[in-house]
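S.K.: after the sequence you'll find the predicted model.
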Amino acid sequence: MNNEPFWYKTAVFYELYIRAYQDSTGDGHGDFRGAIQHLDHIQSLGVDCIWIMPHYASPLKDDGYDIADYYQVHPDYGTLEDFKAFLDAAHARGLKVVTDLVTNHTSDQHPWFQAARQDKNSPYRDYYVWSDTGTEYSDARIIFLDTEASNWTYDDVAGQYFWHRFYSSQPDLNYDNPQVHEEMFNVIRHWLDMGLDGFRVDAIPYLYEREGTNCENLPETHAFLQKMRRMVDTEYPGRVLIAEANQWPEDLLPYFGTEENPEFQICFHFPIMPRLYQAVKSGDKTPIEEIWARTPDIPKNAQWMTFLRNHDELTLEMVTPEVRQWMWDNYAPDPRMKLNLGIRRRLAPLLDDNKAKWFLLHTLFLSLPGTPIVYYGDEIGMGDNIWLPDRHGCRTPMQWNSEKNGGFSNAAETYFPIHTDPVYGYQTRNVAVQEKDSTSYLNLMRFLLKARQSVPAFGDGVFEFVGTGSRSVMAYTRSIPNQTVLCLFNLSDQPQNAHLNLPDTFTDLLAANPAMQYQLAPDGQALKIAPFAAHWFL
Ligand code: NOJ
């Protein structure tokens, strides 16, 4: 295992949904014992760390982001011993593991909320945010727009309204109460004591509420996050905290904190993600260049986290209304594909299952600054099921082979149906089939991750755009003192001429890729670059 103190700056992550991975008990739900069987697969991709989506006891109104007991594993997933066995097995393979930590809210089934609603004088009443009128903080936006009409919901038992930024089954905790801080710290200690490597901390912009603000990114929130980081650094030095804050780059910067008062080592860079899709669809690099121009420098030991897809809808919160509409027009032609301010589709279908576009998008994603995270199933180009409710269509069972239920489970029925359609069905789209095909998504992913991992400049290198004289041709360098990689991409489906200087000698790290052999042809003074071609010149 990489035990360098700043290992996360050069790492690649994998997002794992335990329910979807492998059912070891025959109940139709994946579990920790099942996931252990596939650690070899995860390791074979060339990743360093696994992020596990919420694994806690929960009524699953938001698929586990509604926690009813922070100290227990969801019975569908196994026991605390099973969790520990997974952690140990991952560590034995040199893989680190972080889990989700949901600090902003609990489930309404949590004993704290149950006690709070039943008794105004209970010490737990003040764990949540109450109102007699439900009119306060009206400048706070509603996040789950398709389902929630207000951030306040009246509770008959309590005789008051309670505050919630997500579903009304997820009451927000009251961070003005220092007791809540202590509760959360004890939760953190419980899991870090077991040897966990850190947390992806959910929904952190919303911890405090203040009248006259939009109740996001408040100074009080940052003060708490600094306190949390101090506790972790003091008691568990070296563990990593990742911020999930769907915000503009300038609002993300404070979540890294300062040298004296750090907050998170890693922050998801939300705004870059939709712009990568925009660029490969429009054949124009401008959106990527614009968002990097707006991205501030970050502290020395900090890192961005980049992603193409995750378990949520492809969020379009961090684009203008015009671009959002353009993205919907281009990527969500069926109204069922839209959800809230986003698109509930998986990666391969978004790209029309076009491998050249998939390859191009990944070569961008894996060479731009940041620690990339790959969403389970995307390594084989899994499909989505837009007919399932909420975001579940992107959370269907992993497709291992062409046997019953794709090898995921031997139950008569699985938690959600596995894909059976002609293109994305498990019968043909599965790990076993792709193992044998050198040009499969799976083997391309391995090829790309291996290439990226072999070049330290991709981890932590300085990033600089290089002019090409063409909007469709993007070029940039990543460099560390003894290494420079020049990355060159044709974002369009037509051959393009570009004007730039290539070094005298170089190796194209992508030239050996088994699926796409793009030749770079000198064309007079310009270089002719094939449609959707990507080159990483070392
Ligand atoms: C962000 C998570 O990614 C999402 O799945 C969840 O619904 C919300 N936070 C609320 O916890």
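M.R.: Perfect, thanks for sending it. Keep in mind that this is a model prediction, so the values were computed, not measured.
S.K.: residues from the protein in reach of the ligand?
M.R.: Contacts of the chain with the ligand, taken as C-beta under 6 Å from any ligand atom, map to D62, Y65, V102, F166, D202, A203, E244, H311, D312. For glycine as for every other residue, the C-beta is placed from the backbone atoms N, C-alpha and C.
S.K.: residue of this protein with the smallest distance to the ligand?
M.R.: Y65 (3.4 Å; C-beta to the nearest ligand atom).
S.K.: who wins on neighbours among the residues of the chain next to the ligand?
M.R.: V102 (28 neighbours; other C-beta atoms under 10 Å).
S.K.: what does the closest residue to that residue other than its chain neighbours show for phi and psi?
M.R.: By the measure of C-beta to C-beta, 6 or more residues apart in numbering, the closest residue to V102 outside its immediate chain neighbours is D202, 4.5 Å from it. Here is the backbone geometry of D202 (degrees, to the nearest 10): phi -80, psi 140.
S.K.: how about the one 3 residues further on?
M.R.: Summarising the backbone geometry of P205 under the convention degrees, to the nearest 10, its torsions are phi -70, psi -10.
S.K.: same question for Q483.
M.R.: Torsion angles, degrees, to the nearest 10, at Q483: phi -150, psi 140.
S.K.: ok, it - how many residues close by?
M.R.: With other C-beta under 10 Å as criterion, Q483 counts 13.
S.K.: confidence score at it?
M.R.: In the prediction, the pLDDT value recorded for Q483 is 96.
S.K.: which residues touch it?
M.R.: Going by C-beta atoms under 8 Å, 6 or more residues apart in numbering, Q483 touches V455, P456, A457, G461, L538.
S.K.: which stretches in the stretch 301-450 of the chain count as helices?
M.R.: Under the criterion DSSP state H, counting those that start in this stretch, the stretch 301-450 of the chain contains helices at 321-331, 347-350, 355-365, 431-435, 441-453.
S.K.: now the ones you listed as a markdown table including mean neighbour count and mean pLDDT?
M.R.: Conversion of these to a markdown table gives the following (neighbours: other C-beta atoms under 10 Å; pLDDT from 0 to 100):
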| stretch | mean neighbour count | mean pLDDT |
| --- | --- | --- |
| helix 321-331 | 14 | 98 |
| helix 347-350 | 23 | 98 |
| helix 355-365 | 22 | 97 |
| helix 431-435 | 18 | 98 |
| helix 441-453 | 20 | 97 |
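S.K.: could you redo these as a markdown table and give each row distance to Y415?
M.R.: Converted to a markdown table, the helices of the stretch 301-450 of the chain look like this (distance: least, C-beta to C-beta, whole Å):
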| stretch | distance to Y415 |
| --- | --- |
| helix 321-331 | 27 |
| helix 347-350 | 21 |
| helix 355-365 | 27 |
| helix 431-435 | 19 |
| helix 441-453 | 24 |
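S.K.: burial count for the closest residue to D146 other than its chain neighbours?
M.R.: Using C-beta to C-beta, 6+ apart and skipping residues adjacent in sequence, the residue nearest D146 is N340, 5.3 Å away. Using other C-beta under 10 Å, N340 has 20 other residues around it.
S.K.: surely N340 touches L145?
M.R.: Yes - using C-beta atoms under 8 Å, N340 is in contact with L145, at 4.9 Å.
S.K.: show me the shaky parts of the stretch 201-350 of the chain.
M.R.: For the stretch 201-350 of the chain, no stretch has pLDDT under 70.
S.K.: what ranges do the strands span in it?
M.R.: 240-243, 266-268, 303-307, 314-315, 338-339, 342-343 (DSSP state E, counting those that start in this stretch).
S.K.: make a markdown table out of the ones you listed and add distance to P349 and mean neighbour count.
M.R.: Listed next are the strands of the stretch 201-350 of the chain as a markdown table, based on distance: least, C-beta to C-beta, whole Å; neighbours: other C-beta atoms under 10 Å:
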| stretch | distance to P349 | mean neighbour count |
| --- | --- | --- |
| strand 240-243 | 27 | 24 |
| strand 266-268 | 23 | 26 |
| strand 303-307 | 17 | 22 |
| strand 314-315 | 11 | 22 |
| strand 338-339 | 14 | 21 |
| strand 342-343 | 10 | 22 |
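S.K.: can you redo those strands as CSV with distance to T135?
M.R.: As requested, these are exported to CSV (distance: least, C-beta to C-beta, whole Å):
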stretch, distance to T135
strand 240-243, 31
strand 266-268, 33
strand 303-307, 37
strand 314-315, 28
strand 338-339, 28
strand 342-343, 29
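S.K.: to G159, which of those strands lies closest?
M.R.: Checking the strands of the stretch 201-350 of the chain against G159 by C-beta to C-beta gives strand 338-339 as the closest, at 33.7 Å.
S.K.: who touches the closest one?
M.R.: Against strand 338-339 from outside (C-beta under 8 Å, 6+ apart): D146, E313, W328, A332, R344, D390, R391.
S.K.: rewinding a little: looking at the residues of the chain next to the ligand, which is nearest F185?
M.R.: V102 (14.6 Å).
S.K.: surely the closest one meets M53?
M.R.: No - in this structure, V102 is not within contact of M53 by C-beta under 8 Å, at 10.4 Å.
S.K.: do a quick rundown of the helices in the stretch 101-250 of the chain.
M.R.: Under DSSP H, counting those that start in this stretch, the stretch 101-250 of the chain gives helices at 111-118, 178-193, 219-235, 249-252.
S.K.: pipe those into TSV and attach mean neighbour count per row.
M.R.: Below are the helices of the stretch 101-250 of the chain laid out as TSV (neighbours: other C-beta atoms under 10 Å):
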stretch	mean neighbour count
helix 111-118	18
helix 178-193	16
helix 219-235	17
helix 249-252	17
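S.K.: what's the closest of those to R429?
M.R.: Taking the helices of the stretch 101-250 of the chain one by one with C-beta to C-beta, helix 178-193 is closest: 34.7 Å.
S.K.: list of residues touching the closest one?
M.R.: 70-71, 99, 101, 103, 112, 123, 126-127, 173-175, 199, 224, 227-228, 231-232, 235-236, 239.
S.K.: go on, stretch 238-251?
M.R.: With C-beta under 8 Å, 6+ apart as the criterion, stretch 238-251 contacts 5, 8, 51, 98, 192, 196-205, 216-217, 228-229, 232, 252, 255, 263-271, 291, 294-296, 305, 315, 317-318.
S.K.: buried sites along stretch 414-429?
M.R.: T414, Y415, F416, I418, H419, Y424, G425, Y426, Q427, R429 (16 or more other C-beta atoms under 10 Å).
S.K.: and the residue nearest the centre of the protein?
M.R.: A centroid search over the chain (C-alpha atoms, centre = their mean) returns N310, at 4.7 Å, as the residue closest to the centre.
S.K.: show me the contacts for the nearest residue to it once chain neighbours are set aside.
M.R.: Residue nearest to N310 in three dimensions, not counting chain neighbours: Y375, with 5.3 Å by C-beta to C-beta, 6+ apart. Residues near Y375 by C-beta under 8 Å, 6+ apart: E15, F307, L308, R309, N310, H311, L347.
S.K.: residues near the fourth one, how many?
M.R.: Other residues near R309 number 23, with proximity taken as other C-beta under 10 Å.
S.K.: got a list of what it touches?
M.R.: Taking C-beta under 8 Å, 6+ apart as the test, what R309 contacts is R346, L347, L350, Y375, D378, C394.
S.K.: hang on, the earlier thing: from the contacts of Q483, which would you call buried?
M.R.: V455, A457, G461, L538.
S.K.: okay if I get the residues you listed as JSON lines plus secondary structure and pLDDT?
M.R.: Shown next, in JSON lines, are these (DSSP: H, G, I helix; E, B strand; the rest coil; pLDDT from 0 to 100):
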{"residue": "V455", "secondary structure": "coil", "pLDDT": "96"}
{"residue": "A457", "secondary structure": "helix", "pLDDT": "97"}
{"residue": "G461", "secondary structure": "coil", "pLDDT": "96"}
{"residue": "L538", "secondary structure": "coil", "pLDDT": "94"}
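S.K.: check these and tell me the two furthest apart.
M.R.: G461 and L538 (11.6 Å).
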